[in-house]
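Peer 1: The following block contains a protein sequence and its predicted model.
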Amino acid sequence: MDEVLDLARVGRRLHLDDHDPGETFGWHKGPAKAALEAEIARLAELQTLLFAERTRSVLVVLQAMDAGGKDGVLREVLTGLNPAGVRVTSFGVPSDEELSHDFLWRVHRHTPAAGEIGVFNRSHYEDVLVVRVKKLAPTAVWRRRYAHIRQFEQLLVDEGTTIVKLFLNVSAEEQRKRFQDRIDSPDERWKFRLGDLDDRKLRPAYLKAYRDALVRTSVPHAPWYVIPGDRKWVRNLTVARILRHTIERLDPQYPKPEPGIEGLIVT
Ligand code: AMP
Ligand code: MG
């Protein structure tokens with residue numbers, strides 16, 4: 001497989017300190033932008049095939065701390081795909097109704113249908129991240145969720161979904177800059193909440209929670225990748241390459257036409 005994918009992929013062990021958020025993989029900005037366009041064009045072709053085939057689906061899970069670039073990935077990488085075949089679902093603070101069910105209830109109904117690429121902007125992983133860090137559930141409750149998540153994802157895989165999970169890894173300093181930009185810019189201020197600063201103070205606890213979540217749930221059929229997040233152009237190209245490789249390996253095909261269609265002359 002692609003060397004960059006190997007570097008980013010989470011195996012049995014993970015030291016987030018070994019993953020530099022400012023990594024460039026030896027790329028340069030100008031060529032990387034051209035390479036991104038080529039990757040997006042190829043992704044669009046593959047998506048058309050996946051959509052036409054309509055037997056399998058892809059689920060992309062996007063996780064990051066605040067200002068980590070989730071919206072940027074949606075805007076800058078997933079544009080260019082046919083919106084009819086892409087479904088993005090954002091998961092925020094659960095409603096009372098959602099909280100009155102098991103933690104996977106609100107997630108399962110948004111998993112992609114055959115032919116679709118589903119993207120989760122935050123996901124069921126919040127239930128072992130923010131829930132753990134902010135102590136929204138007892139330890140015994142979030143701890144057993146890793147196993148539930150693995151089983152849930154195995155079910156999706158068994159039923160034809162390929163899962164790819166991306167952690168956008170942004171440094172504390174880059175997050176500080178992005179927060180400051182948000183505060184200073186009237187067009188971006190809406191993205192910032194005072195509560196984001198509380199989460200920022202909890203960064204060490206979040207990193208520990210991310211590390212545990214990634215290690216405990218990264219399996220060959222649903223791997224996690226750590227994406228260098230400080231440089232947007234590196235982030236975008238890395239994400240695009242991972243998605244392209246993932247779908248390429250599925251090798252989607254146009255379905256066979258109904259008998260009698262080939263060679264037909266429309267009069
Ligand atoms: P944003 O992504 O900026 O719109 O923020 C969504 C907020 O919802 C974040 O602060 C998440 O931590 C929070 N959130 C998402 N899922 C959960 C969950 N299961 N339990 C509690 N908070 C959550
Ligand atoms: Mg936010």
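Peer 2: Arrived safely. Numbering: from 1, shown residues only. Ligands and ions are numbered 1, 2, ... in the order given.

Peer 1: Would you mind stating the distance between Phe167 and His19?
Peer 2: 9 Å (Cβ to Cβ, to the nearest Å). C-beta here means a position set from N, CA and C on the backbone, and glycine is covered the same way.

Peer 1: Pick out whichever of those two has more residues nearby.
Peer 2: Neighbours were tallied for Phe167 and for His19 using other Cβ atoms under 10 Å; the higher tally belongs to Phe167 (27 against 18).

Peer 1: Can you tell me the SS state at that one?
Peer 2: Of the three states, Phe167 takes strand under DSSP: H, G, I helix; E, B strand; the rest coil.

Peer 1: OK, contacts around it?
Peer 2: 63-64, 210, 214, 224-227 (Cβ atoms under 8 Å, 6 or more residues apart in numbering).

Peer 1: Please name the nearest non-neighbouring residue to the residue in the chain that ligand 1 sits nearest to.
Peer 2: The minimum distance from the chain to ligand 1, using Cβ to the nearest ligand atom, falls at Glu126 (3.3 Å). The shortest distance from Glu126 to any non-neighbouring residue, by Cβ to Cβ, 6 or more residues apart in numbering, is to Phe91 (6.3 Å).

Peer 1: And Phe192, by the same measure?
Peer 2: Arg182 (4.2 Å).

Peer 1: check which helix or strand covers that neighbour.
Peer 2: Per DSSP states H and E: Arg182 is located in helix 172-184.

Peer 1: Would you mark the buried spots in that helix?
Peer 2: 174-175, 178-179, 182 (16 or more other Cβ atoms under 10 Å).

Peer 1: Show the average pLDDT along the one helix or strand Thr162 maps to.
Peer 2: Assigned by DSSP H and E, Thr162 belongs to strand 161-169. For strand 161-169, the mean per-residue pLDDT is 98.

Peer 1: how far does it sit from the chain's center?
Peer 2: Centroid separation for strand 161-169 versus its chain: 4 Å, with Cα atoms, centre = their mean, to the nearest Å.

Peer 1: and that strand, is it in reach of ligand 1?
Peer 2: No. Strand 161-169 lies out of reach of ligand 1 by Cβ under 6 Å from any ligand atom, never closer than 12.1 Å.

Peer 1: Might you calculate how far the worst-scoring helix or strand of the chain on mean pLDDT sits from the centre of the chain?
Peer 2: Least confident helix or strand, the chain: helix 3-8 with a mean of 92, by mean pLDDT, DSSP states H and E. Its chain's C-alpha centre and that of helix 3-8 lie 16 Å apart, by Cα atoms, centre = their mean.

Peer 1: which helices and strands sit right next to the next helix or strand after that helix?
Peer 2: Counting by DSSP H and E, the next helix or strand C-terminal to helix 3-8 is helix 29-53. Applying 3 or more Cβ pairs under 8 Å, 6 or more residues apart in numbering; DSSP states H and E, one finds that helix 29-53 contacts helix 232-250.
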